[in-house]
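Undergrad: the sequence and its predicted three-dimensional model are supplied below.
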2 protein chains.
Amino acid sequence: MLKDSLTKYKRIVLLTDGYSTPFLAKTAISLLRYRGDDIAAVLDKEHAGQTAQQLLGYGESIPVVDSLDQIDADALFIGIAPPGGKLPAQWKPIVMEALRLGMDVVSGLHDFLCNDESFVVAAHERGAKLIDVRRNNENETAKAVDFRRECLRIHAVGNDCSLGKMVTTLEIQKGLQERGCDAGFAATGQTGIMICGSGIPIDCVVSDFVNGATERLVLAHQDHDYLLIEGQGSISHPAYSAVTAGLLHGCAPDGLIFCYESGRENVKGFDHRVIPEMERIYSAYEIMSNLRHPCKIIGMAANTRHLTEEAALAEMQEMESRFGVPVCDVYRFGCDKLVDAAIQLRAEIVD
Amino acid sequence: MLKDSLTKYKRIVLLTDGYSTPFLAKTAISLLRYRGDDIAAVLDKEHAGQTAQQLLGYGESIPVVDSLDQIDADALFIGIAPPGGKLPAQWKPIVMEALRLGMDVVSGLHDFLCNDESFVVAAHERGAKLIDVRRNNENETAKAVDFRRECLRIHAVGNDCSLGKMVTTLEIQKGLQERGCDAGFAATGQTGIMICGSGIPIDCVVSDFVNGATERLVLAHQDHDYLLIEGQGSISHPAYSAVTAGLLHGCAPDGLIFCYESGRENVKGFDHRVIPEMERIYSAYEIMSNLRHPCKIIGMAANTRHLTEEAALAEMQEMESRFGVPVCDVYRFGCDKLVDAAIQLRAEIVD
């Protein structure tokens, strides 16, 4: 588990230079959305002079800059999550410059910064730190413990990757906190870890230890009344179902939020693979989770970005009658009904 | 994937010194069972002079010896799979002696031989090899390919660990071969790899790549008419379900053999966890596998070692009527019905 909390950084520069599109820069966008107060600037040479809001749709007046020496920053965060996870070659001088300025550099890439000798030497010379969020040495299997009963565990799952599971959990956490509830967030992916400061990059853990790493993550956070556990992949995903199944059993949730994107028919990045019918995946989650711990789906999070507002509202209504649970688009219309469902579930189980 | 085939060794010494019990020495026992002709000796000082048959129940007249220099051997295989996976400290001199004699040393332990500098130096000096079966650098996600339709994929699954999944697949392979069918075996664990010479130690693969590694393993073996894919863990296992789910989707089986042990009520090594009802796990496998590829359970393998022969036969009959599929104890009564079921499934799907 990443021990050094990344929330200590309060003057962060987000590096998205040349990659400032919504798909590639999703790490930067999520950090602007959830840690806007800690972001000093976005570095993208071509768009210097704009605001983060103009460039990436979040971050209001946070400036876009073309070099590091204009700003007083404490860390450089790699702001992209490209397929393949490599550091763009033209970014190497930027990382070196940050280290020379004594800034820590935080990366969620598959390619670890600390495997680059020149980075290691430069960091050492200036006392700067290289933090590879995906690096881990989780090496213990799960013990199948009973978690604290008073901690209601809510886990976001879905029928595919990249459709809003992290945002759904963060929004429900915020919604619960706004109602005065004590709600924690357990991050399982690089962006979630950069946002909340700690967590386990579960897709990089050796398979024998995935359930165990997740169990330890919950044990470290079960002092909360509610714990929102970030989801990954999908139980139906041809490539990532190992990660999803291990997470599901490792965190032994009481309730699940089922996330999907309206209109998505094929597995993202696998155009030759149709996503199975939603009822089948929905049922698979309930069956699989109950093998470990009593659990039910308490709501759905629809990502309706490709629909008009009218169509989105109609679809949500249709899904509510189809599945018999509340459905929200947490981006567009908030997550009130999902917060209600979590509070109701806790009342049923704990109180 | 382990490229260097371990089947080239024809004069193997199995090291079980001080650990020659059925539970700890299961790697040695399986090698005696399936590669008896390639085993030159078993090394256990205290029991030197006995036969392998006397000491471990397999291997007939293969001698148990107290030192390596009595025998002309080409490799030393670590014959145990202890919980924790460490090399016993008192074995270090034995491994060093093997390397000094120029023997290759093959290990399935979690603790890699090649991380011990003195072993590396000794091996280098004599041109001997250290082969850590569990070491892998699988680092690609699954592509969700369509496998060759003419290759019927049969995968062994179960409701717990250590109840005979590997033996079941090896026996069905043998049974198919005895009927003149072309049947291959894809090993996913250290013992299976030592027996058939190659494979992927799937529980040591990073979770993001488990489905992909399994897919590549099948691609490498799909020239057979039948491919028996070794199973690991259980979809219901609180600690290992990530491994099992990734295997299940990675190999996209056409048929499953459901393995269980009569009378086992609790998860092995987790006395506080009851194994869920068999119908639920059975159904979970069919639901999960069908999310990837059309699949059904075509038979069950009962491990009835704790029952009398009469009780075993009665239980198998009862299970057949309960689940509607053929049930065999492949150790005690052979696997004819499971071989029939595989041949019938191939006739339905392929022919």
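TA: That came in fine, so what should we check first?

Undergrad: who touches A:His272 in this structure?
TA: Applying CB atoms under 8 Å, 6 or more residues apart in numbering or on different chains, we find A:His272 in contact with A:Asn266, B:Ala144. Any C-beta I mention is one placed from the backbone N, CA and C, and that applies to glycine too.

Undergrad: and it, what are its phi and psi?
TA: For A:His272, the backbone dihedrals (degrees, to the nearest 10) come out as phi -90, psi 0.

Undergrad: please tell me how far it sits from A:His237.
TA: In this view, A:His272 and A:His237 are 14 Å apart by CB to CB, to the nearest Å.

Undergrad: A:Met319 - nearest residue in space that isn't next to it in sequence?
TA: Once flanking residues are discounted, A:Met319 sits nearest to A:Val327: 4.5 Å by CB to CB, 6 or more residues apart in numbering or on different chains.

Undergrad: is it true that that neighbour touches A:Leu313?
TA: No. The criterion here is CB atoms under 8 Å, and A:Val327 misses it with A:Leu313 at 10.3 Å.

Undergrad: have a look at these two and say which one is more surrounded.
TA: Neighbours were counted for A:Val327 and for A:Leu313 using other CB atoms under 10 Å in any protein chain shown; A:Val327 has more, 23 against 15.

Undergrad: show me where chain A has its strands.
TA: For chain A, the strands defined by DSSP state E cover A:12-15, A:39-43, A:64-65, A:75-78, A:104-107, A:130-132, A:152-158, A:183-186, A:226-229, A:255-261, A:266-267, A:270-274, A:296-303, A:327-328.

Undergrad: kindly export the fifth one (C-alpha atoms) in CSV.
TA: The C-alpha atoms that make up strand A:104-107 are tabulated as CSV, following Å, rounded to 0.1, in the frame of the first residue of the first chain:
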residue,chain,number,x,y,z
ASP,A,104,8.9,15.4,-6.4
VAL,A,105,7.6,13.7,-9.4
VAL,A,106,4.5,11.5,-9.2
SER,A,107,3.6,9.0,-11.9
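
Undergrad: list of residues touching that strand?
TA: For strand A:104-107, the external contacting residues (CB under 8 Å, 6+ apart) are A:6, A:9, A:74-78, A:87, A:95, A:98-99, A:113, A:119, A:123, A:128-134, A:194.

Undergrad: buried subset of those?
TA: Taking 16 or more other CB atoms under 10 Å in any protein chain shown as the criterion, what is buried in the contacts of strand A:104-107 is A:6, A:9, A:75-78, A:87, A:95, A:98-99, A:113, A:119, A:123, A:128-134, A:194.

Undergrad: tally of neighbours for A:Gly57?
TA: By other CB under 10 Å, the residues close to A:Gly57 number 12.

Undergrad: phi first, then psi, for it.
TA: Per degrees, to the nearest 10, the backbone of A:Gly57 is at phi 90, psi 0.

Undergrad: so what's it up against?
TA: A:Gly57 touches A:Pro22, A:Ile29, counting by CB under 8 Å, 6+ apart.

Undergrad: need the pLDDT of it.
TA: We have a pLDDT of 96 for A:Gly57.

Undergrad: what's the answer for A:Asp4, then?
TA: According to the prediction, A:Asp4 has pLDDT 66.

Undergrad: and A:Val121, how many residues sit next to it?
TA: Neighbour count for A:Val121, taken as other CB under 10 Å: 11.

Undergrad: cool, and A:Ala25?
TA: For A:Ala25, using other CB under 10 Å, the count is 25.

Undergrad: ok, it to A:Gly192 distance?
TA: A:Ala25 is 16 Å from A:Gly192, by CB to CB.

Undergrad: now the strands of chain A as TSV including mean pLDDT?
TA: Below are these laid out as TSV (pLDDT from 0 to 100):
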stretch	mean pLDDT
strand A:12-15	98
strand A:39-43	98
strand A:64-65	97
strand A:75-78	98
strand A:104-107	98
strand A:130-132	96
strand A:152-158	98
strand A:183-186	98
strand A:226-229	98
strand A:255-261	98
strand A:266-267	98
strand A:270-274	97
strand A:296-303	98
strand A:327-328	98
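
Undergrad: and those strands as JSON lines, adding distance to A:Thr168?
TA: Compiled in JSON lines, the strands of chain A are given as follows (distance: least, CB to CB, whole Å):
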{"stretch": "strand A:12-15", "distance to A:Thr168": "23"}
{"stretch": "strand A:39-43", "distance to A:Thr168": "22"}
{"stretch": "strand A:64-65", "distance to A:Thr168": "28"}
{"stretch": "strand A:75-78", "distance to A:Thr168": "23"}
{"stretch": "strand A:104-107", "distance to A:Thr168": "24"}
{"stretch": "strand A:130-132", "distance to A:Thr168": "26"}
{"stretch": "strand A:152-158", "distance to A:Thr168": "5"}
{"stretch": "strand A:183-186", "distance to A:Thr168": "11"}
{"stretch": "strand A:226-229", "distance to A:Thr168": "9"}
{"stretch": "strand A:255-261", "distance to A:Thr168": "5"}
{"stretch": "strand A:266-267", "distance to A:Thr168": "19"}
{"stretch": "strand A:270-274", "distance to A:Thr168": "22"}
{"stretch": "strand A:296-303", "distance to A:Thr168": "4"}
{"stretch": "strand A:327-328", "distance to A:Thr168": "8"}
